[in-house]
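S.K.: My questions are about this predicted structure, shown below with the sequence.
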Amino acid sequence: MQEPAAPSAGQNALATPTYDGVLSLRRACVDVGSAARANEMRCNNDAGDTHHSRIDMTLEAGTFYVVVDGHGQGEEGPFTLEYKTVP
């Protein structure tokens, strides 16, 4: 779990360029009560191909949580998470 902060509003991009994973962008780390996935803002498995994930989204300034998970059962290991913001 990564906790990137968006210092100012703008277009943000998250990507796993070298890892076949799933990205989830969240408002909070955990969901409370019966609101399963209520804090999930965006989720992506395959962006543009079948092996890389990417989320492009305009965000207000604040703190957000990023979950990187393996695509399938047993898929784990090192990965690179790219984060870019354009004001």
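M.R.: That came in fine, so what should we check first? From a predicted model like this one, the values you see are computed outputs, not experimental measurements. Numbering: from 1, shown residues only.

S.K.: mind listing the helices for the chain?
M.R.: With helices called from DSSP state H, the chain shows none.

S.K.: Would you map the strands across it?
M.R.: 5-6, 10-16, 21-26, 40-44, 53-59, 62-63, 65-70, 82-86 (DSSP state E).

S.K.: Verify the stated contact: Ser83 with Leu14.
M.R.: Careful, residue 83 is Tyr; it's not Ser. Yes - with contact defined as C-beta atoms under 8 Å, Tyr83 counts as touching Leu14 (5.6 Å). To be clear about C-beta, it is placed using only N, CA and C from the backbone, and glycine gets the same treatment.

S.K.: which regions of this structure sit below the pLDDT cut-off?
M.R.: Applying pLDDT under 70 to the chain flags residues 1-8, 33-34, 36, 87.

S.K.: still on that earlier bit, can you list the strands of the chain in JSON lines and add distance to Glu76 and mean neighbour count?
M.R.: JSON lines is the format used below for the strands of the chain (distance: least, C-beta to C-beta, whole Å; neighbours: other C-beta atoms under 10 Å):
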{"stretch": "strand 5-6", "distance to Glu76": "26", "mean neighbour count": "12"}
{"stretch": "strand 10-16", "distance to Glu76": "13", "mean neighbour count": "18"}
{"stretch": "strand 21-26", "distance to Glu76": "9", "mean neighbour count": "20"}
{"stretch": "strand 40-44", "distance to Glu76": "18", "mean neighbour count": "15"}
{"stretch": "strand 53-59", "distance to Glu76": "15", "mean neighbour count": "16"}
{"stretch": "strand 62-63", "distance to Glu76": "26", "mean neighbour count": "10"}
{"stretch": "strand 65-70", "distance to Glu76": "5", "mean neighbour count": "16"}
{"stretch": "strand 82-86", "distance to Glu76": "19", "mean neighbour count": "11"}
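
S.K.: can you redo the ones you listed as JSON lines with distance to Val32?
M.R.: Listed next are those as JSON lines, based on distance: least, C-beta to C-beta, whole Å:
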{"stretch": "strand 5-6", "distance to Val32": "22"}
{"stretch": "strand 10-16", "distance to Val32": "24"}
{"stretch": "strand 21-26", "distance to Val32": "13"}
{"stretch": "strand 40-44", "distance to Val32": "13"}
{"stretch": "strand 53-59", "distance to Val32": "22"}
{"stretch": "strand 62-63", "distance to Val32": "17"}
{"stretch": "strand 65-70", "distance to Val32": "14"}
{"stretch": "strand 82-86", "distance to Val32": "26"}
